[in-house]
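J.: Build me a model:
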Amino acid sequence: PVGALGDIGAALFATIGILTALRHRDATGEGQYVDIAMYDAVVAMTDIVTNFWSMGLRGGDTGPLILHGFRAKDGWFVLQVGREAHFAELAALIGHPEWTGDPRFATRQGWVDHLESDLRPAIESWASSFTKHEACERLGNAGIAAGPCHTDEEVASDPHLGARDMLVSIPRADGMEEPVLTPGNPVRLSTLETARETRPPWLGEHTDEVLKTELALTLEELAALRAEGVIA
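T.: Next comes the predicted model:
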């Protein structure tokens with residue numbers, strides 16, 4: 001699953017638009033209004049839908065290629081085969097070199113037509129001896145695009161994400177010891193040290209500090225406002 005693609009996607013496109021407008025302003029002295037719609041952002045990220053539809057593929061059809069999930073010893077991995085050379089490598093790797101001369105697999109449509117009856121059982125039989133990472137490593141070494149499907153727990157404990165400080169622990173407000181994990185900023189700049197993320201403030205956490213600093217209210221005045229229910 002993914003999170004709020006409409007929100008995150010719109011924010012990213014808005015950032016790009018703002019930066020573009022700033023460059024335009026620097027060059028021309030002219031400002032402009034940046035207009036981003038969440039639906040537009042989602043459609044931009046699902047470009048394959050309208051792209052394929054315009055080329056005659058209907059009903060969500062993605063065309064004759066293998067782009068499916070397959071089971072390994074410890075989970076699933078995704079495999080993509082869209083070219084004849086890759087199909088030949090796949091056939092050889094999993095012990096079926098004869099497929100390259102089989103008329104059933106002579107076309108890409110043939111791969112799709114015989115995916116469940118022939119290809120999946122053979123691929124999963126081969127992969128059953130390997131973990132999903134091992135299967136993907138062997139496929140990758142053969143020049144075939146493949147990647148493991150990570151579970152939530154695997155993402156949370158992923159060593160790459162740990163090395164990149166990509167998961168931020170946020171203390172919880174409900175008294176539970178286990179922190180909330182949220183992704184950090186994936187943008188890294190070579191001359192800027194990665195900032196340490198901090199939790200958002202609790203509701204009303206800085207009320208006294210803000211009112212004392214900005215309005216110079218005394219402790220007595222704050223206590224009176226709190227007693228009257230003006231602040232909490």
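
J.: Kindly list the longest helix within the protein.
T.: Counting by DSSP state H, the longest helix found in the chain is helix 5-28.

J.: I'd like the distance from the next helix or strand after it to the chain centre, please.
T.: Downstream of helix 5-28, the first helix or strand assigned by DSSP states H and E is helix 38-45. How far helix 38-45 lies from its chain's middle: 15 Å, per CA atoms, centre = their mean, to the nearest Å.

J.: gap between Ala14 and Arg71?
T.: According to CB to CB, to the nearest Å, Ala14 stands 40 Å off from Arg71. No exception for glycine: its C-beta is placed from N, CA and C like everyone else's.

J.: before we move on, back to that, got the buried residues for the longest helix of the chain?
T.: Neighbour-count burial for helix 5-28 flags 9-10, 13 (criterion: 16 or more other CB atoms under 10 Å).

J.: now these in CSV, with pLDDT and distance to Thr62?
T.: Shown next, in CSV, are those (pLDDT from 0 to 100; distance: CB to CB, whole Å):
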residue, pLDDT, distance to Thr62
Gly9, 94, 21
Ala10, 96, 26
Phe13, 97, 25
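
J.: Between these, which sits nearest Gly56?
T.: Within the buried residues of helix 5-28, the smallest distance to Gly56 is 27.4 Å, found for Gly9 (CB to CB).

J.: Not counting its neighbours along the chain, what's nearest the closest one?
T.: Ala41 (3.9 Å; CB to CB, 6 or more residues apart in numbering).

J.: Next, give phi and psi for Leu67.
T.: Here is the backbone geometry of Leu67 (degrees, to the nearest 10): phi -150, psi 80.

J.: nearest spatial neighbour of it, skipping sequence neighbours?
T.: Per CB to CB, 6+ apart, closest to Leu67 is Gln80, 4.9 Å.

J.: in what helix or strand does the one you found lie?
T.: strand 76-81.

J.: could I get that strand in CSV with only the CA atoms?
T.: The C-alpha trace of strand 76-81 is given here as CSV (Å, rounded to 0.1, in the frame of the first residue of the first chain):
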residue,chain,number,x,y,z
TRP,A,76,7.2,-12.6,-3.1
PHE,A,77,9.2,-10.8,-5.7
VAL,A,78,8.2,-8.8,-8.8
LEU,A,79,9.6,-9.8,-12.2
GLN,A,80,9.5,-7.8,-15.5
VAL,A,81,10.2,-9.4,-18.9
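
J.: Bridged to Trp76, which residues?
T.: When bridges are called by DSSP bridges, Trp76 pairs up with Arg71.

J.: Quick one: residues contacting it.
T.: Trp76 makes contact with 69-70, 132, 148-149 under the criterion CB atoms under 8 Å, 6 or more residues apart in numbering.

J.: related to what we said a few turns ago, closest to Ala227 out of the buried residues of helix 5-28?
T.: Nearest to Ala227 among those, with distances taken as CB to CB, is Ala10, at 43.2 Å.

J.: Next, work out how far apart that closest one and Pro200 are.
T.: 20 Å.

J.: ok, now Ala156?
T.: Between Ala156 and Pro200 the distance is 20 Å, computed by CB to CB.

J.: ok, back up a step: helices or strands up against the helix or strand following the strand holding Gln80?
T.: On the C-terminal side of strand 76-81, the nearest following helix or strand under DSSP H and E is helix 84-93. Identification of packing neighbours for helix 84-93 by 3 or more CB pairs under 8 Å, 6 or more residues apart in numbering; DSSP states H and E yields strand 76-81, helix 132-141.

J.: tell me which residues in the helix or strand immediately after the last one in the chain are buried?
T.: Toward the C-terminal end, the helix or strand that comes next after helix 132-141 (DSSP H and E) is strand 145-148. Buried residues in strand 145-148, counted by 16+ other CB under 10 Å: 146, 148.

J.: Cool, thanks, signing off.
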